[in-house]
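Student: Here you go, sequence then predicted model.
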Amino acid sequence: MKRFIAISLGMAAINFLIAAVITHFIFKKKEMPAKKKFIIQMTVFLLVGLILYVGGGAVYFGSYYRANSRGMSFMESDDVVKINEIEKGYFFDGPGDKEAFIFYPGAKVDPKAYSAILHKLAAGGVDCFLVRMPLNMAMLGKDTAGEIMNSYSYDEWYLGGHSLGGAMASIYAFEHGDDLDGMVLMASYTPRDLKDDMKLILLSGDKDKVLNWETYKANVGNWPKDSTEYIIKGGNHAGFGDYGVQSGDGEATISNEEQQDQSVEQILKMIDVGN
């Protein structure tokens with residue numbers, strides 16, 4: 001959230017600075033009454049600044065990490081898991097009927113990039129809902145979990161996400177803890193205090209250079225009593241999905257498949273499927 005605000009303010013400052021320069025040169029040599037000139041200058045300044053801001057935002061949010069061929073391959077139904085597109089994203093319907101997991105993607109990442117983990121969880125007995133966020137930003141769809149839970153019936157509900165998606169999921173969990181049985185955070189942290197009767201597993205790669213480790217450690221006090229921290233040796237930030245190399249990330253020494261398989265194993269262990 002802080003990073004999003006900082007980016008938005010930075011974009012606004014740069015765009016309106018450019019607008020001021022453009023306005024100055026347009027009216028530099030124009031002769032007209034001072035009051036009239038001021039009004040016209042301010043109007044042009046605001047219009048140019050707004051156009052630049054909206055245009056810049058469209059470019060920024062329109063660019064995102066897309067799922068690669070491996071990620072797309074897990075979007076296909078098979079004999080065990082049926083995948084259906086729903087209003088809020090995608091439903092991975094496996095053999096289980098008791099536990100369900102709702103997943104929030106990372107910022108500016110195609111949700112399909114996380115299909116491998118969700119497909120394997122569904123095959124392991126935990127039905128999964130992969131949320132499609134507005135502009136691929138979880139902060140714009142933080143309450144989607146509630147809409148999904150109101151539309152389906154399961155004995156246990158788990159919520160989580162990757163990076164910013166995990167942080168937004170944890171804020172929802174703070175606000176609606178009574179509706180959830182546990183949380184799954186991948187390369188993320190919880191900025192809000194979670195209920196003590198909630199399960200939590202935090203999965204991170206030791207090569208991750210995108211996650212703010214200082215913030216991660218500063219929020220350990222928000223973990224409930226039943227929390228498990230699992231560090232994947234050789235894993236990085238982008239390895240939880242299949243969308244290629246992420247800017248600023250560390251280089252993984254294990255494959256995405258290995259990082260994802262370890263994650264699935266730990267999540268299924270935490271949920272204790274069928275019990």
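Tutor: It's in. Given the structure is predicted, the values throughout are model-derived calculations rather than measurements.

Student: what about the helices in the stretch 101-250 of the chain?
Tutor: Counting by DSSP state H, counting those that start in this stretch, one finds helices in the stretch 101-250 of the chain at the ranges 115-123, 144-149, 164-175, 213-218.

Student: Dump those helices into CSV; add mean neighbour count and distance to residue 134 as well.
Tutor: Just so you know, the C-beta spots here come from the backbone N, C-alpha and C atoms, and that holds for glycine as well. Shown next, in CSV, are those (neighbours: other C-beta atoms under 10 Å; distance: least, C-beta to C-beta, whole Å):
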stretch, mean neighbour count, distance to residue 134
helix 115-123, 25, 20
helix 144-149, 19, 9
helix 164-175, 24, 12
helix 213-218, 12, 25
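
Student: Quick check: which of those helices is nearest to residue 46?
Tutor: Closest approach to residue 46 among the helices of the stretch 101-250 of the chain is made by helix 164-175 (31.0 Å; C-beta to C-beta).

Student: now for the closest one, which elements pack on it?
Tutor: strand 99-104, helix 144-149, strand 156-162, strand 182-186 (3 or more C-beta pairs under 8 Å, 6 or more residues apart in numbering; DSSP states H and E).

Student: These into JSON lines, with extra columns for distance to residue 266?
Tutor: Conversion of the helices and strands packed on helix 164-175 to JSON lines gives the following (distance: least, C-beta to C-beta, whole Å):
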{"stretch": "strand 99-104", "distance to residue 266": "13"}
{"stretch": "helix 144-149", "distance to residue 266": "21"}
{"stretch": "strand 156-162", "distance to residue 266": "12"}
{"stretch": "strand 182-186", "distance to residue 266": "9"}
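
Student: Put together TSV for those, with distance to residue 239 and mean pLDDT on each row.
Tutor: Shown next, in TSV, are those (distance: least, C-beta to C-beta, whole Å; pLDDT from 0 to 100):
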stretch	distance to residue 239	mean pLDDT
strand 99-104	16	98
helix 144-149	24	97
strand 156-162	10	98
strand 182-186	9	98
